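[1] structure here, sequence nowhere to be found:
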């Protein structure tokens, strides 16, 4: 990656599962260590002259926070009940602290005096009539066996859904983001040289009230969709989405599975329409990528795993999405990233 004289902006979206797998023995220490690993490629990107904005998911964490609050209510009814909006806010504070400390620590370990990192509480406005409120799809919290999931669903009026061989999880509404209230704050901090952590968990979900104010709602917004929206509003050149796999694949999990180095918008749209990217896994990431790429020419999206992030940013791995039809999935991916483009 070659330094540039004029800073460009990259939004790096880190999945909640990249920090915490959501198992039965999840720990804060696990998240701290994962954040330290992720800090290295984030700082390396900033070192090449990019302005970096980090966003993060909170699927496991927000579910744990909500579950803890529900259990505490039975023991201490005087404590206030927590809605999902407050749980998202708590996850932003906790994960923002962990990520900011990891990134600042990495800068300090490299002898950088300008270890300026800001974790910003972020609110996202959604449509009160979004159909997602009647069709919950966003998995949160831990995995449960079928019998345990049914028992919890009956006890707490949950909606649960099967998550493959791992078991079942609670699912909640996930409306599309319409506006991020702190966009200009993110822009100002980034322009001042801060690495900014924002839009945690997709943002605290709000709807506009009849009185012109805002009200929190029971939802968890998809962090990739909010990240794409924020990246477009900031005029970012690069959107990075981390996920569980190194590259996007077609026929995933089948004998005919094939990984893709590059995708154009047209190719991605065609494969999405064919059902190659399911709603519960790669689908939202591809949709977010397309939202971002449609906004302006010259933008790119990188989808890769946290472990491969550093190498992929150097042009060795990951799947790159580009609006340029001249690029095809058959082209080799070699060289390094200059201005966000694999060369």
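    That came through, no problem. Model, not experiment: these values are computed from the prediction. Numbers count the residues shown, from 1 in each chain.
[2] what is the neighbour count of residue 261?
    19 (other Cβ atoms under 10 Å). (Each C-beta comes from the backbone N, C-alpha and C, glycine too.)
[3] same question, residue 269
    For residue 269, using other Cβ under 10 Å, the count is 15.
[4] next up, the contacts around it.
    By Cβ atoms under 8 Å, 6 or more residues apart in numbering, the contact list for residue 269 reads residue 290.
[5] buried ones in the helix or strand it falls within?
    If you go by DSSP states H and E, residue 269 is part of helix 265-273. By neighbour count with 16 or more other Cβ atoms under 10 Å, helix 265-273 contains the buried residues 265, 267-268, 271-272.
[6] quick one: the helices in this protein?
    16-19, 28-47, 59-75, 84-109, 146-156, 183-191, 223-234, 265-273, 283-293, 309-313 (DSSP state H).
[7] of all those helices, which lies closest to residue 137?
    Nearest to residue 137, of all the helices of the chain, is helix 283-293, at 9.2 Å by Cβ to Cβ.
[8] so what does that closest one touch, helix or strand wise?
    Contacts defined by 3 or more Cβ pairs under 8 Å, 6 or more residues apart in numbering; DSSP states H and E place helix 283-293 against helix 223-234, strand 238-242, helix 265-273, strand 300-304, strand 319-322.
[9] can you put these in a markdown table and add mean pLDDT and distance to residue 124?
    Converted to a markdown table, these look like this (pLDDT from 0 to 100; distance: least, Cβ to Cβ, whole Å):
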| stretch | mean pLDDT | distance to residue 124 |
| --- | --- | --- |
| helix 223-234 | 96 | 6 |
| strand 238-242 | 96 | 17 |
| helix 265-273 | 94 | 23 |
| strand 300-304 | 96 | 20 |
| strand 319-322 | 94 | 23 |
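[10] columns distance to residue 108 on top of these, output as CSV?
    Below are the helices and strands packed on helix 283-293 laid out as CSV (distance: least, Cβ to Cβ, whole Å):
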stretch, distance to residue 108
helix 223-234, 26
strand 238-242, 23
helix 265-273, 39
strand 300-304, 27
strand 319-322, 32
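[11] between these, which one is closest to residue 161.
    helix 223-234 (18.5 Å).
[12] on that earlier part again, quick one: distance of the helix holding residue 269 to the chain centre.
    Offset of helix 265-273 from its chain centre (Cα atoms, centre = their mean, to the nearest Å): 21 Å.
[13] run the angle between it and strand 300-304 for me.
    Orientation check (axes from the mean of the first three to the mean of the last three Cα atoms, to 10 degrees): helix 265-273 against strand 300-304 gives 40 degrees.
[14] residue 130 touches residue 176, doesn't it?
    Yes. Proximity of residue 130 to residue 176 meets the contact threshold set by Cβ atoms under 8 Å, at 6.3 Å.
[15] ok, the nearest residue to residue 54 once chain neighbours are set aside - contacts?
    Spatial nearest neighbour of residue 54, chain neighbours left out: residue 197 (4.7 Å); criterion: Cβ to Cβ, 6 or more residues apart in numbering. Taking Cβ under 8 Å, 6+ apart, we find residue 197 in contact with 53-56, 96, 99-100, 103, 117-120.
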